[in-house]
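>>> make a model of this:
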Amino acid sequence: MGFGFAPASAAVVACAPGPVANLAEGCIASGNDHLSSVESALAAALGVDVNSLTLSLYGKSDNNYSLFWFSEAQIDDDDADSIANDGFAVNTLDWSVLDGTLIKYVTVKAGNDFKLYEIPNGGASSGEDFSSIGIKVGKKGNTPDISHISFWTVPNVAPPIPEPATWAMMMAGLGFAGMVMRRRATKVQFA
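Numbering: from 1, shown residues only. Modelled structure (predicted):
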């Protein structure tokens, strides 16, 4: 099952706070897509404190071939053998996580930048149309080939434990309900 995103021709913006940062279409951040860089870009795009984020790297495309399946599009004629350790010779590709793990964020590394995507609705185990389009290199502003893709998960957060005041109110409510039921007059009828 693929997960569609906006067309690759959509305007791509920097990962910065404000209404222009649409993570479904991707935003661009500079540098490598290490955990701290991805968290910083995500915090900037969402307008939240970086310490409030909890991301975990599930895997990267260039060193975990047993975790992912890829189909390529827009293949670069110079390198038909594009799933080599030297990167993907494509600008756009579709992906699937083989064990079904839900991925929440995807980073596409190309050139000196990376593009950050958010997968809505809790994540997905497959997707399409992730690209390096919008990342520019050189004086001509060419679109670089994809170096690698990183897949990020958000750990499940346990539901909060009720505070003592909540427990006290809950117990008082149950006690009150029990007291009301006990004080009811018992009516016995014989037929």
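>>> alpha carbons only for contacts and neighbour counts from here, please
Will do.
>>> ok, which stretches of the protein are helices?
Per DSSP state H, the chain carries helices over the ranges 35-46, 164-183.
>>> so of these, which one's packed in deepest?
helix 35-46 (a mean of 20; mean count of other Cα atoms under 10 Å).
>>> packing partners of it?
Counting contacts by 3 or more Cα pairs under 8 Å, 6 or more residues apart in numbering; DSSP states H and E, helix 35-46 packs against strand 113-118.
>>> mind giving me the packing neighbours of the strand it packs on?
Counting by 3+ Cα pairs under 8 Å, 6+ apart, strand 113-118 packs on strand 27-30, helix 35-46, strand 105-110.
>>> returning to what we had before: could I get the helices of the chain in TSV, plus columns for distance to Pro144?
As requested, the helices of the chain are exported to TSV (distance: least, Cα to Cα, whole Å):
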stretch	distance to Pro144
helix 35-46	20
helix 164-183	55
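>>> hmm, back to that, minimum distance to Phe176: which of the helices and strands packed on strand 113-118 has it?
Closest approach to Phe176 among the helices and strands packed on strand 113-118 is made by helix 35-46 (45.1 Å; Cα to Cα).
>>> relative to strand 105-110, how tilted is the closest one?
With axes from the mean of the first three to the mean of the last three Cα atoms, to 10 degrees defining the directions, helix 35-46 sits at 110 degrees from strand 105-110.
>>> thinking again about what came up before, which stretch among the helices of the chain comes nearest Phe130?
helix 35-46 (16.3 Å).
>>> just checking, Phe114 touches Thr107?
Yes - contact status for Phe114 versus Thr107: in contact at 6.2 Å, counting by Cα atoms under 8 Å.
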